[in-house]
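# missing the sequence, but the structure's below:
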């Protein structure tokens, strides 16, 4: 789990008890790419409203680690989504399970049409 202060770690000062089950025994970092490489998550869930937080390099690393990476860019409106549907499908060569917080248009990639899901209202 990553928040505004970076990776939630067991040595974080003032660790909230509700975060303790998610805390990692590793150095604190705010570098999401480094965190993804170290933790090797199966899914990224974005709620940061930081457009571009899921960079192409991070998306590519998720695809390298997982045959079907899960990327939920849930911030809305779409202008604040951590990545776009097109970025997620293109960088993962269509293998991503993608959902967003606001509707994205269908993505045409390599003679296929991908229909991004909207996961925040499930």
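Received it, and whenever you're ready, just let me know what you need. Being a predicted model, the structure only gives us computed values, none of them experimental. Numbering: from 1, shown residues only.

# please name the nearest non-neighbouring residue to the residue nearest the centre of the chain.
Here the mean C-alpha position of the chain is nearest to the C-alpha of residue 44 (Cα atoms, centre = their mean), at a distance of 3.0 Å. Nearest in space to residue 44, with sequence neighbours left out and distances taken as Cβ to Cβ, 6 or more residues apart in numbering, is residue 71 at 5.2 Å. C-beta here means a position set from N, CA and C on the backbone, and glycine is covered the same way.

# for the one you found, phi and psi?
phi -130, psi 110 (degrees, to the nearest 10).

# give me the neighbour count for it.
Under the neighbour criterion other Cβ atoms under 10 Å, residue 71 is assigned a count of 27.

# and it, what are its bridge partners?
Note on residue 71: beta-bridge partners residue 44, residue 98, judged by DSSP bridges.

# per-residue confidence at it?
Note on residue 71: pLDDT of 98.

# with residue 121 instead?
Looking at residue 121, its pLDDT stands at 67.

# likewise for residue 18?
You'll see residue 18 listed with a pLDDT of 94.

# could you pull up phi and psi at it?
The phi/psi pair for residue 18 (degrees, to the nearest 10) is phi -70, psi -20.

# so who does it touch?
Contacts for residue 18 (Cβ atoms under 8 Å, 6 or more residues apart in numbering) come out as none.

# same question, the one 10 residues further on
With contact set as Cβ under 8 Å, 6+ apart, residue 28 has these partners: 5, 6, 7, 9, 11, 12.

# distance check, the residue nearest to the centre of the chain against residue 35.
10 Å (Cβ to Cβ, to the nearest Å).
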